[in-house]
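Student: Any chance you can model this:
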Amino acid sequence: MSIPKTGEFLPYPSSNSCPDSKITLHRVRMDEYTTEGVPATLLYGPTQRVFLKQRYNCKDAINVNIGLNDGYGCYRKKPKGTSFDELLQYIIEQKLQHPEYSLKDAVCYGDFVIRRGLLSRIMMLPYEADGDGLTVSIKRYQGVFFMKEVVSDEHVEAANFKRYVHEYWPAKFRHTMTTVNGVERPKIVDTFTQFHGAFILKLADANNQGPIVFYGSQLDAFDENSTPVLLKTQAEHSQSDPRMLSRYRQWYLQCLLTGSSDIVIGFRNQSAIVTRIEKLKSSDLRKRITRKFDSHVCSNAFRVFLKQIRDFYDSNVNENEHLDLTLKPSKIVFDYSVVPDLQYQVLSEVFLKTFPSESQVNNVQVN
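Tutor: Modelled structure (predicted):
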């Protein structure tokens, strides 16, 4: 097995390093799908839509009492690291339903494929470069770049330690606040079944040129007008607290990427009880970001970053290799490794069989 080639990748673009670009969001065909189980079975259409309960759908803040620790012992938790596989399954399903589709057809002519969570984290780097870092595996296959976050063992242990905050509490809050098409949900919190949307994002420069990003995102809920709504829990802090400013930026960008016009925030006390709920328009959320922030900077830097990836790939990565980028904590600099596919595959075997390469097709014909 060959040794991976390593080095330092180009710095992530800053807000001053390139001209403006704009976010152009499009919904795509068959954009709603529900995943059930692991590996996931996909159900299409709005039949499993999750709706915000009417009593929580109000403009003014209301007092509530939602215990976020309640029911944790019965929690049916989906394993980590399956979201990207579910997005691949969605793409596979497009091919099965439309055998004439190429891979480009199945991803709506996207140039890059990614999950929304990873997309948001990378796009926020110009404003939040002091996090824990992340590793992204990038594989170009039939002209499409697939970007998958690599979760290390240390990251899994840290996530397990913080499971209440980062997994169960949000899931419990969403579970309590919603119904499935008007039907009350079972008491047991279950993340094995999730409702998703598929989107394409065009990152256009001044000449309306730029890459198309195909991505999938879990959708928390819909309102009575069938518009997506974000549901978030948050400890009580002053609006000017730096932690809240960071949250506001992240949530505002998520609203843009999921087409959500509203966000419902459940503020919890030190006993993990949500005592107050506030519903905000995404435009009002933007007004609470008092420090300098521009979502166009996020999309602009990400567009240039994707060009850097494409250019680097052309010169340094072979067909049977992929690229790993590891973000250095507290810096907007990535280390890179060019890794043989034999070491590990970014794309599943089922995916590769569904969209065989030209060499695979030729081997089958010869045999």
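Student: drop to CA atoms for contacts and neighbour counts, all remaining ones
Tutor: OK.
Student: Tell me the pLDDT of the nearest residue to Ile200 once chain neighbours are set aside.
Tutor: Sequence neighbours aside, Phe214 is the residue nearest to Ile200 in space, at 4.4 Å (criterion: Cα to Cα, 6 or more residues apart in numbering). On pLDDT, Phe214 comes in at 94.
Student: how near is Phe214 to Asp284?
Tutor: 28 Å (Cα to Cα, to the nearest Å).
Student: just to revisit the earlier point, surely the residue nearest to Ile200 forms part of a strand?
Tutor: Yes. Under DSSP: H, G, I helix; E, B strand; the rest coil, Phe214 sits within a strand.
Student: Okay, and the beta partners of it?
Tutor: Beta-bridge partners recorded for Phe214 (DSSP bridges): Val113, Ile200.
Student: so what's it up against?
Tutor: Residues counted as contacts of Phe214 (Cα atoms under 8 Å, 6 or more residues apart in numbering) are Val107, Cys108, Gly110, Asp111, Phe112, Val113, Ile114, Ala198, Phe199, Ile200, Leu201.
Student: what does Leu103 give?
Tutor: Residues in contact with Leu103 (Cα under 8 Å, 6+ apart) are Lys95, Gln142, Phe355.
Student: excluding its backbone neighbours, what's nearest the first one?
Tutor: Once its chain neighbours are removed from consideration, Lys95 has its nearest residue in Tyr101; the separation is 5.7 Å (Cα to Cα, 6+ apart).
Student: between the contacts of Leu103, which is nearest Thr135?
Tutor: Taking Cα to Cα as the measure, Thr135 lies nearest Gln142 of the contacts of Leu103, at 22.9 Å.
Student: surely the closest one meets Pro356?
Tutor: No. The pair Gln142 / Pro356 is not scored as a contact, 9.2 Å apart, by Cα atoms under 8 Å.
Student: quick revisit: could the contacts of Leu103 go into a markdown table alongside pLDDT?
Tutor: As requested, the contacts of Leu103 are exported to a markdown table (pLDDT from 0 to 100):
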| residue | pLDDT |
| --- | --- |
| Lys95 | 94 |
| Gln142 | 97 |
| Phe355 | 97 |
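Student: Just name the closest of the residues you listed to Arg49, please.
Tutor: Arg49 lies nearest to Lys95 out of those, by Cα to Cα, at 24.1 Å.
Student: Quick check, that closest one in contact with Cys108.
Tutor: No. Taking contacts as Cα under 8 Å, Lys95 lies outside contact range of Cys108: 11.8 Å.
Student: picking that back up, just the ones of the contacts of Leu103 in helices?
Tutor: Those of these mapping onto helices are Lys95, per DSSP state H.
Student: Asp223: which of the contacts of Leu103 is nearest?
Tutor: In terms of Cα to Cα, no member of these lies closer to Asp223 than Lys95, at 31.8 Å.
Student: Please name the residues that touch the closest one.
Tutor: Each residue near Lys95 by Cα under 8 Å, 6+ apart is listed here: Tyr101, Ser102, Leu103, Ala106, Thr354.
Student: possible to save those residues as TSV with secondary structure, distance to His175 and pLDDT?
Tutor: Formatted as TSV, the contacts of Lys95 follow (DSSP: H, G, I helix; E, B strand; the rest coil; distance: Cα to Cα, whole Å; pLDDT from 0 to 100):
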residue	secondary structure	distance to His175	pLDDT
Tyr101	coil	37	95
Ser102	coil	38	96
Leu103	helix	35	97
Ala106	helix	32	94
Thr354	helix	35	96
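Student: List only buried entries from the residues you listed.
Tutor: In the contacts of Lys95, burial by neighbour count holds for Leu103, Ala106, Thr354, counting by 16 or more other Cα atoms under 10 Å.
Student: could you list every residue that touches the second one?
Tutor: Pointing back at Ala106 there. The contact partners of Ala106, taken as Cα under 8 Å, 6+ apart, are Ile91, Ile92, Gln94, Lys95.
Student: how near is it to Val213?
Tutor: As defined by Cα to Cα, Ala106 lies at a distance of 13 Å from Val213.
Student: swap in the first one?
Tutor: Note on Leu103: its distance to Val213, by Cα to Cα, is 14 Å.
Student: and what of the last one?
Tutor: From Thr354 across to Val213, the span is 21 Å (Cα to Cα).
Student: any idea of the pLDDT on Pro4?
Tutor: In this model, Pro4 carries a pLDDT of 57.
Student: Run through who's touching stretch 318-327.
Tutor: Contact with stretch 318-327 is made by 9, 133-140, 313, 317, 333-342, 346, as judged by Cα under 8 Å, 6+ apart.
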